[in-house]
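Peer 1: what's the 3D shape of this:
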Amino acid sequence: MAETLLGPRRLASTMNEYDERLGRALEETAGVAGESERFRVPDPELRPEGNATVYENFRATAERLDRDPSLLLTFLQSELGTSAHVDERGRARLIGSFDGERVGDAIASFVEAYVRCPECGLPDTRLVEENGVEMKRCDACGALSPTG
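Peer 2: As a prediction, the model looks like this:
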């Protein structure tokens, strides 16, 4: 349809102009880190201690996610089906034996539920309350979406 309105030569010229402008824009923003480069969740550092698994870098993970450690701990307890607490050094002590993959999967689920925007995929969200419901508001695209 656009071809009949513009004619084949004009359409080709318009598309070439678009491609050139897009290429220039991408070159000018090449220094901007991509989402995967700027948002890395630390791998969980775990070690067994008696009947518990100690999550050594729990505090660093909560800080990197920019979320309250108690929210993250509650989520992990639910996902892993265990009880836990944070000790005086900021480490999470999970009752039971858990490997890095299982805890990492739970952290990834937390990121999707409480951190990453479902509209644009960026982690630039903050938790807000709207009409008594906890929501994620994206500072990048402005989307408002439910948590969980």
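Peer 1: what about the most centrally placed residue in the chain, which SS state?
Peer 2: Nearest to the mean C-alpha position of the chain, by C-alpha atoms, centre = their mean, lies R116 at 3.6 Å. When the structure is reduced to helix, strand and coil (DSSP: H, G, I helix; E, B strand; the rest coil), R116 reads as coil.
Peer 1: looking at the spatially closest residue to it that is not a sequence neighbour now. What's its pLDDT?
Peer 2: Ranked by C-beta to C-beta, 6 or more residues apart in numbering and with sequence neighbours excluded, the top spatial neighbour of R116 is P123, at 5.5 Å. C-beta: built from backbone N, CA, C; applies to glycine. Looking at P123, its pLDDT is 94.
Peer 1: okay, now P123: neighbour count?
Peer 2: P123: 19 surrounding residues under other C-beta atoms under 10 Å.
Peer 1: do the same with L72
Peer 2: 23.
Peer 1: please give me every residue in contact with it.
Peer 2: Counting by C-beta atoms under 8 Å, 6 or more residues apart in numbering, L72 touches F58, T61, A62, L65, F110.
Peer 1: quick check: bridge partners of the closest residue to the first one other than its chain neighbours?
Peer 2: So the one you mean is F58. Here the nearest residue to F58 in space, its sequence neighbours aside, is A92; by C-beta to C-beta, 6+ apart that works out to 3.9 Å. The residues listed as beta-bridge partners of A92 by DSSP bridges are Y55, V86.
Peer 1: A92 against S83, yeah?
Peer 2: No: A92 sits out of contact with S83 when judged by C-beta atoms under 8 Å, with a separation of 11.0 Å.
Peer 1: could you pull out the strands for this structure?
Peer 2: When assigned using DSSP state E, the strands of the chain occupy the ranges 46-49, 52-55, 84-86, 92-95, 125-130, 133-138, 144-146.
Peer 1: circling back to that earlier point, surely the residue nearest to the centre of the chain and A140 touch.
Peer 2: No: in terms of C-beta under 8 Å, R116 does not count as a neighbour of A140; the distance is 10.7 Å.
Peer 1: what sits in contact with each of the two?
Peer 2: Counting by C-beta under 8 Å, 6+ apart, the residues touching both R116 and A140 are L122.
Peer 1: look up how far C117 lies from P42.
Peer 2: Between P42 and C117 the distance, using C-beta to C-beta, to the nearest Å, works out to 21 Å.
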